[in-house]
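Curious how this folds, go ahead:
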Amino acid sequence: MKFDSFKYSFKEALKSIKRNKTLSIASIATVTATLFLLGAITLGVANADKLITQLGSMVEVKIYLKEGISDNNKNAIENKIKEVDGIDKITFQSKEDALKDVKEQMNDELGQLTSGFEDNNPFPASFTVNVKEPLVVDKVVSSIKDMNGIDEIKDARSIIAKISKLTDSFKIGAAVAFVVFIMISLFLIGNTIKITVFTRQKEIGIMKYVGATDWFIRWPFIIEGMILGIFGAVISVVALGFIYAIIINNLSADTLFGFDLVGISYILKVIVWEFLGCGVFIGAIGSIISMRKFLKV
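Predicted coordinates:
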């Protein structure tokens, strides 16, 4: 498109927006709501994925050993664990150290309950295996589960699996809601363009008569839809950034149990471009669909 043609199309698009203020505002509001939902979904998924990653780095396998296990069996278990790829750290805790840890975690009054345990210590020796990623847990468990001297194996895979399942359900539900909002946005923008086309039918007929090309006639309407989409994108990204900043500033590390949220910079680096792209796309597609059906050029 030549610059003069673009300039003309842009001016006509602005005139049309001013002429149909109510529908234009409704279209912008719907695009804003749609993209705000998209941003909230994106932030929710990003934080859920980050939570799973953080949980994954904290996953450990606790291997409790049987009473009276021989040093040979203990060493065999440790060596077998070391053969698994993806092990971060292996820590052995003796029965004595386990009792000491329990005493340190209790206050003086409760600590009296453990008096006399030195002679008859009920706490088992154990290995704590820290892994680099959750998938390694299966390899560790399967490699040692049938070895002599192991009393019990515990890990947090079930918790992570439940969180992952909830995250997947959230993604599906959010995607459905987003599609519904997209359809509403396309409908409203399409109606805005449709009304503009009807009010300019006579002018369009004259333009066709004097030799204006189809695309010369179409472009003002497409640009109008794109402008509405961009306005909605800008408003939504500002609103999302403002609300998310408040959430981050009012949540402490204790509230989040030590987990980190995705930073506000994520909105500037990722979401702002998604918003602008989607805003332009929604506006342009809404206009094109409307013109295909109602604009006879």
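
quick one: low-confidence parts of this protein?
1, 3, 56-57, 106-119, 200, 252-258, 292-297 (pLDDT under 70).

ranges for the strands of it?
Along the chain, counting by DSSP state E, strands occupy 60-65, 87-93, 126-131, 150-155.

burial measure for V59, as a count.
V59 has 21 neighbouring residues, counting by other C-beta atoms under 10 Å. C-beta here means a position set from N, CA and C on the backbone, and glycine is covered the same way.

Next: K269.
10.

for I227, same thing?
I227 has 20 neighbours, counted by other C-beta under 10 Å.

For it, give its distance to I28.
Going from I227 to I28 by C-beta to C-beta, to the nearest Å gives 9 Å.

same question, V237
13 Å.

Between those two, which has more neighbouring residues?
I28 (27 against 23).

Would you map out the domains in this structure?
Here the domain parsing of the chain from automatic domain parsing is 3-55+161-294, 60-154.

wouldn't I235 be in contact with T34 here?
No: applying C-beta atoms under 8 Å, one finds I235 not in contact with T34, separated by 11.4 Å.

More neighbours: the two, which one.
Neighbour count, other C-beta under 10 Å: between I235 and T34, T34 has more, with 28 against 19.

Burial-wise, tell me which of the domains of the chain comes out on top.
Highest mean neighbour count of those: domain 3-55+161-294, a mean of 17 (counted as mean count of other C-beta atoms under 10 Å).

thinking again about what came up before, would you list the strands of the chain in a markdown table and tack on distance to K171?
Converted to a markdown table, these look like this (distance: least, C-beta to C-beta, whole Å):
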| stretch | distance to K171 |
| --- | --- |
| strand 60-65 | 28 |
| strand 87-93 | 29 |
| strand 126-131 | 26 |
| strand 150-155 | 25 |
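
give the contact list for I159.
L55 (C-beta atoms under 8 Å, 6 or more residues apart in numbering).

What separation is there between it and T53?
In terms of C-beta to C-beta, I159 sits 14 Å off from T53.

now swap in Y209 and tell me
63 Å.

Ok, D97 next?
Taking C-beta to C-beta, one finds D97 at 31 Å from T53.

just checking, S27 touches L186?
No: contact criterion C-beta under 8 Å: S27 and L186 do not qualify, at 9.8 Å.

and for these two, which residues touch both?
G286.

wait, T192 sits on T22?
No: counting by C-beta under 8 Å, T192 does not reach T22; the two are 9.4 Å apart.

how about the residue most central in space within the chain, what does it touch?
Nearest residue to the geometric centre of the chain (C-alpha atoms, centre = their mean): V45, 1.6 Å. Counting by C-beta under 8 Å, 6+ apart, V45 touches T167, F170, K171, A174.

6 Å instead, please
K171 (C-beta atoms under 6 Å, 6 or more residues apart in numbering).

ok, and the closest non-adjacent residue to I189?
Counting by C-beta to C-beta, 6 or more residues apart in numbering, G286 is the residue found nearest to I189 once chain neighbours are left out, at 3.2 Å.

what do you get for K139?
V84 (4.9 Å).

just checking, the one you found touches V141?
No: with contact defined as C-beta atoms under 6 Å, V84 does not count as touching V141 (9.8 Å).

so what's V59 closest to, chain neighbours aside?
Using C-beta to C-beta, 6+ apart, the nearest residue to V59 is P134, at 5.2 Å.

One more: A48?
Nearest to A48 is T167, by C-beta to C-beta, 6+ apart, at 4.2 Å.

Quick check: the one you found vs Q54, distance?
13 Å.

before we move on, the earlier item: spit out the contact partners of the residue nearest to K139.
K139, V140, S143.

Helices - which of these land there?
K139, V140, S143 (DSSP state H).

Just give me the closest of those residues to V129.
Taking C-beta to C-beta as the measure, V140 is the one of the ones in helices among the contacts of V84 closest to V129, at 5.7 Å.
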